[in-house]
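Asker: Fold the following for me, if possible:
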Amino acid sequence: MMKKRQFSKNPLHYVYALIWLSLFVAFAVYIFSGKMFLPDENGKISLVAILVGWVAEYLTQVGTGILVVLIGLYVAFKTATEKKV
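Answerer: Below you'll find the predicted structure:
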């Protein structure tokens, strides 16, 4: 994978990569804790929670959390690198 990509010389790309990674990790913790699937004050469950719950039904909550972290790592890597010229 590193044959076609190199690390960026722009330091902001690393900051953006850390932001992306932290967002995905926070979402994975939110899934893993189970708080995502609890109803809100009005007794409603959001559509995103239903869709993530559908995936979590097949992959378990731990598997879904790991999958979200791996997607976050991929997005952070793509953000911190650029194509070789």
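
Asker: longest helix in this structure, by residue count?
Answerer: If you go by DSSP state H, the chain has its longest helix at helix 47-80.

Asker: Show me what the helix or strand that comes right after that helix is packed up against.
Answerer: Using DSSP states H and E, the helix or strand that follows helix 47-80 towards the C-terminus is strand 81-83. On a contact count with 3 or more Cβ pairs under 8 Å, 6 or more residues apart in numbering; DSSP states H and E, strand 81-83 meets strand 5-7. Every C-beta, even on glycine, is put in place using the N, C-alpha and C of the backbone.

Asker: model confidence over the helix or strand following the strand it packs on, on average?
Answerer: Sequence order places helix 11-33 as the next helix or strand after strand 5-7, per DSSP H and E. Here helix 11-33 scores 94 as its mean pLDDT.

Asker: picking up where we left off before, the longest helix of the chain relative to helix 11-33, how many degrees between them?
Answerer: 150 degrees (axes from the mean of the first three to the mean of the last three Cα atoms, to 10 degrees).

Asker: for helix 47-80, packing partners?
Answerer: helix 11-33.

Asker: buried set for the helix it packs on?
Answerer: The neighbour-count check on helix 11-33 (16 or more other Cβ atoms under 10 Å) flags H13, Y16, A17, W20, L21, F24, V25, F27, A28, Y30, I31, F32 as buried.

Asker: can you pull the alpha-carbon coordinates of that helix into CSV?
Answerer: Output of helix 11-33 as CSV, limited to C-alpha atoms (Å, rounded to 0.1, in the frame of the first residue of the first chain):
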residue,chain,number,x,y,z
PRO,A,11,1.3,19.1,9.1
LEU,A,12,-2.4,20.0,9.0
HIS,A,13,-3.0,16.6,7.3
TYR,A,14,-1.8,14.9,10.5
VAL,A,15,-4.1,17.0,12.6
TYR,A,16,-7.1,16.2,10.3
ALA,A,17,-6.1,12.5,10.5
LEU,A,18,-6.1,12.6,14.3
ILE,A,19,-9.5,14.4,14.3
TRP,A,20,-11.0,11.7,12.0
LEU,A,21,-9.5,8.9,14.1
SER,A,22,-10.8,10.4,17.4
LEU,A,23,-14.3,10.8,15.9
PHE,A,24,-14.4,7.1,14.7
VAL,A,25,-13.1,5.9,18.1
ALA,A,26,-15.6,7.9,20.0
PHE,A,27,-18.4,6.5,17.8
ALA,A,28,-17.0,3.0,18.4
VAL,A,29,-17.1,3.5,22.1
TYR,A,30,-20.6,4.8,21.9
ILE,A,31,-21.6,1.6,20.0
PHE,A,32,-19.7,-0.7,22.4
SER,A,33,-21.2,0.9,25.5
